[in-house]
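Novice: Model the following, please.
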Amino acid sequence: NFVGDAVVVAIAEAMLQNQGTGLRDLNLNNTGIGAQAGDALARLLRSNCSLEALFAVHNGQLGDSAGVACARALQENAETRVRKLVLADNGFGPAVGEALAALLRSNRSL
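Specialist: Predicted coordinates:
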């Protein structure tokens with residue numbers, strides 16, 4: 001299902017405005033999202049306390065900056081409830097791996 005960046009940006013903004021949302025799992029697998037959606041997801045992950053799982057597999061346009069931003073956002077969010085983060089097959093490079101490693105050194109929920 002190709003939804004693109006605009007839809008994901010709208011979802012992230014809605015979730016930021018409604019911190020009490022019941023949405024626990026967000027599946028964005030194979031949706032054609034790119035850097036703009038990645039930035040929106042990072043903003044969401046930085047402050048959201050309800051999301052428990054994020055799936056964003058097969059989105060090759062996300063780019064390293066989005067991967068690094070999402071990892072750092074989770075690292076900065078001391079109240080995150082994310083237990084499952086699936087980012088496979090996005091063409092991420094070593095910078096994302098390093099950011100995820102830093103996240104895992106300090107995160108207690110993943």
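Novice: Which residues outside stretch 80-94 are in contact with it?
Specialist: 25, 45, 48-60, 62-64, 67, 70, 74, 96, 107, 109-110 (Cβ atoms under 8 Å, 6 or more residues apart in numbering). Bear in mind the C-beta positions are built from the backbone N, C-alpha and C, glycine included.
Novice: Are any of those residues buried, and if so which?
Specialist: Using 16 or more other Cβ atoms under 10 Å as the burial test, the contacts of stretch 80-94 include 45, 48, 51, 54-56, 59, 62-64, 67, 70, 74, 96, 107 as buried.
Novice: and the contacts of stretch 80-94, which of them are in helices?
Specialist: Leu45, Gly63, Asp64, Gly67, Cys70, Leu74, Val96 (DSSP state H).
Novice: ok, the fourth one - contacts?
Specialist: It stands for Gly67. Each residue near Gly67 by Cβ under 8 Å, 6+ apart is listed here: Gly38, Leu87, Asn90, Phe92, Ala95, Val96, Ala99, Leu100.
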